[in-house]
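Asker: Build me a model:
(chains A and B)
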Number of protein chains: 2
Amino acid sequence: MSKRIEIRLAGAGGQGIILAGVILAEAAAIHEGRFVCQTQSYGPEARGGSCRSDVVISDEEIDYPQAVQPDILLCLNQKACDLYVFDLKPGGTLIVDDSRVHHLPVTRAVGLPFTRIAREEAGLEMLANIVALGALAVLTGVVSLESLAAAVLARVPRGTEMPNRKALEAGAQAAREFLARRGSESSRQP
Amino acid sequence: MSKRIEIRLAGAGGQGIILAGVILAEAAAIHEGRFVCQTQSYGPEARGGSCRSDVVISDEEIDYPQAVQPDILLCLNQKACDLYVFDLKPGGTLIVDDSRVHHLPVTRAVGLPFTRIAREEAGLEMLANIVALGALAVLTGVVSLESLAAAVLARVPRGTEMPNRKALEAGAQAAREFLARRGSESSRQP
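Answerer: Next comes the predicted model:
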């Protein structure tokens, strides 16, 4: 059976959504040898508006290149979350930047403060997209952190490797701590 | 009537095809307010292999996001040209880097030495993708050179604005000279 995984990354223009999509696609395709199709759509509202990138990863050739019902939805702002949450596959994983998304639509959403982590751990708010990718990899296992690191280093501007590495690792670490917290909470339930 | 224009950019991995696709898409979407969808597909052959990016530009919302029969095909190497030329719409525009594509499939193809121009005019062979975009804009009019310049400057690494500007202008100039040559040739015909 073909295992097709659909991931949608969404946020505001300027948050690095498209670069994040390209990096995630290349991590899976170039570094893990999977079939990948990556799409971005722009409407006339693109100027300063919403931005979305779909990444479809499969073990077989991909027929339809866009996410129809994402297994994983990453939202870097409230508007994206409000817009796309209803597309999420039932049981799918919703990951949000809770520095910017204050109203979570479902209690099982994973909220982590990507923007704050980017500022505090990597020194640059604009690396929130890379922090988010690090967390996404740990939370979902859709690509390995090693593949992601290689793809990040191949795409980011020369001279910015170190803060990008820090951002990726800080996102991964935040996700590990989240999983540990959730694990200890559920083991406390009767 | 909806005017849908399909553009395919193709070449080897590392030639900057994906960045060129993102820049072309953003020139049309963000700077000209059109509907745009931009896709890249990776197969397991992606490592060091072929690379392609489709950009669909329309005045209306876009239903299918990939190029089905490109109006414009840009090939930065021979393999891409051999692979995709048969998809080109009859009467469509084929543009190739004739520094790298030595066997042109049709006599009406536009061959310009993007790699050589990038090296000689902008000092960096790796800017052949930007040279090619400048030429594509002039040859096809699909986006304005001004929109393209704004999109280039928004995407390229800080500190590389000047060689990128030079590359874009050198590509545009090569295309203008090509059009002037072709015009004078056809006016000499009986």
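Asker: now what about stretch A:78-91, what contacts it?
Answerer: Residues from elsewhere that reach stretch A:78-91 (C-beta atoms under 8 Å, 6 or more residues apart in numbering or on different chains): A:6, A:8, A:10-12, A:50, A:52, A:67, A:69-71, A:73, A:75, A:94, A:96, A:100-106. From N, CA and C alone the C-beta is placed, and that goes for glycine too.
Asker: Now intersect these with the strands, please.
Answerer: If you go by DSSP state E, the contacts of stretch A:78-91 have A:E6, A:R8, A:A10, A:G11, A:A12, A:S50, A:R52, A:L73, A:C75, A:L94, A:V96 in strands.
Asker: ok, those vs chain B, which is closest?
Answerer: Taking C-beta to the nearest C-beta as the measure, A:R52 is the one of the ones in strands among the contacts of stretch A:78-91 closest to chain B, at 10.9 Å.
Asker: now the contacts of stretch A:78-91: which count as buried?
Answerer: A:6, A:8, A:10-12, A:50, A:52, A:67, A:70-71, A:73, A:75, A:94, A:96, A:100-101, A:104 (16 or more other C-beta atoms under 10 Å in any protein chain shown).
Asker: Okay, now the unreliable bits of chain A?
Answerer: Scanning chain A for pLDDT under 70 picks out the ranges A:1-2, A:44-48, A:188-190.
Asker: ok, which stretches of it are strands?
Answerer: A:4-12, A:35-42, A:50-58, A:72-75, A:93-97, A:110-112.
Asker: Most tightly packed of those strands?
Answerer: Counting by mean count of other C-beta atoms under 10 Å in any protein chain shown, strand A:72-75 has the highest mean neighbour count of these, with a mean of 28.
Asker: Return the list of strands paired to that strand, each annotated with direction.
Answerer: On the basis of DSSP bridges, the sheet neighbours of strand A:72-75 come out as strand A:4-12 (parallel), strand A:93-97 (parallel).
Asker: Between those strands, which one is closest to B:V156.
Answerer: Closest approach to B:V156 among the strands paired with strand A:72-75 (C-beta to C-beta): strand A:4-12, 21.1 Å.
Asker: which residues sit against that closest one?
Answerer: A:17, A:20-21, A:24, A:48-58, A:60, A:62, A:67-77, A:79-81, A:83-84, A:87, A:89, A:97, A:129, A:132, A:136, A:142.
Asker: can you rerun that using 7 Å?
Answerer: A:17, A:20-21, A:24, A:50-58, A:67-77, A:80, A:84, A:142 (C-beta atoms under 7 Å, 6 or more residues apart in numbering or on different chains).
Asker: Okay, angle between that strand and strand A:35-42 too, please.
Answerer: Going by axes from the mean of the first three to the mean of the last three C-alpha atoms, to 10 degrees, strand A:4-12 is angled at 30 degrees with respect to strand A:35-42.
Asker: what angle sits between strand A:4-12 and strand A:50-58?
Answerer: Using the same axes, to 10 degrees: strand A:4-12 against strand A:50-58 is 170 degrees.
Asker: Figure out how far stretch A:11-21 is from the centre of its chain.
Answerer: 10 Å (C-alpha atoms, centre = their mean, to the nearest Å).
Asker: ok, and for that stretch, which residues are buried?
Answerer: So for stretch A:11-21, counting by 16+ other C-beta under 10 Å, buried means A:G11, A:A12, A:G13, A:Q15, A:G16, A:I17, A:I18, A:L19, A:A20, A:G21.
Asker: For chain A, which residues are neighbours of chain B?
Answerer: Residues of chain A found near chain B, taking C-beta under 7 Å from any C-beta of the partner chain as the criterion, are A:18, A:22, A:25, A:29-30, A:33, A:35-44, A:46-47, A:65-66, A:157-158.
Asker: Could you pull out the buried residues of the lengthiest helix in chain A?
Answerer: Assignment by DSSP state H gives helix A:161-188 as the longest helix of chain A. Residues of helix A:161-188 classed as buried by neighbour count (16+ other C-beta under 10 Å): A:163-175, A:178.
Asker: packing partners for that helix?
Answerer: strand A:110-112, helix A:114-122, helix A:128-140, helix A:145-155 (3 or more C-beta pairs under 7 Å, 6 or more residues apart in numbering or on different chains; DSSP states H and E).
Asker: nearest to B:L124, of those?
Answerer: Per C-beta to C-beta, nearest to B:L124 of these: helix A:145-155, 17.7 Å.
Asker: how far does that closest one sit from the chain's center?
Answerer: The chain centroid and the centroid of helix A:145-155 are separated by 14 Å, computed with C-alpha atoms, centre = their mean.
Asker: repeat for stretch A:30-38
Answerer: 16 Å.
Asker: how long is that stretch end to end?
Answerer: With C-alpha to C-alpha, to the nearest Å applied, stretch A:30-38 spans 13 Å between its terminal residues.
Asker: so A:Q38 makes contact with A:G21?
Answerer: Yes: using C-beta atoms under 7 Å, A:Q38 is in contact with A:G21, at 5.3 Å.
Asker: Name the residues contacting each of these two.
Answerer: Residues within reach of A:Q38 and of A:G21 at once, by C-beta under 7 Å, 6+ apart, are A:S53, A:V55.
Asker: quick one: contacts of stretch A:123-130?
Answerer: Counting by C-beta under 7 Å, 6+ apart, A:15-17, A:19-20, A:76, A:97, A:114-115, A:118-119, A:152, A:163-164, A:167-168, A:171 sit against stretch A:123-130.
Asker: Would you mind measuring the gap between the ends of that stretch?
Answerer: End-to-end span of stretch A:123-130 (C-alpha to C-alpha): 13 Å.
Asker: got the buried residues for that stretch?
Answerer: In stretch A:123-130, counting by 16+ other C-beta under 10 Å, buried: A:L124, A:E125, A:L127, A:A128, A:N129, A:I130.
Asker: could I get the helices and strands packed on helix A:161-188 as a markdown table with distance to B:R182?
Answerer: Shown next, in a markdown table, are the helices and strands packed on helix A:161-188 (distance: least, C-beta to C-beta, whole Å):
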| stretch | distance to B:R182 |
| --- | --- |
| strand A:110-112 | 57 |
| helix A:114-122 | 51 |
| helix A:128-140 | 44 |
| helix A:145-155 | 38 |
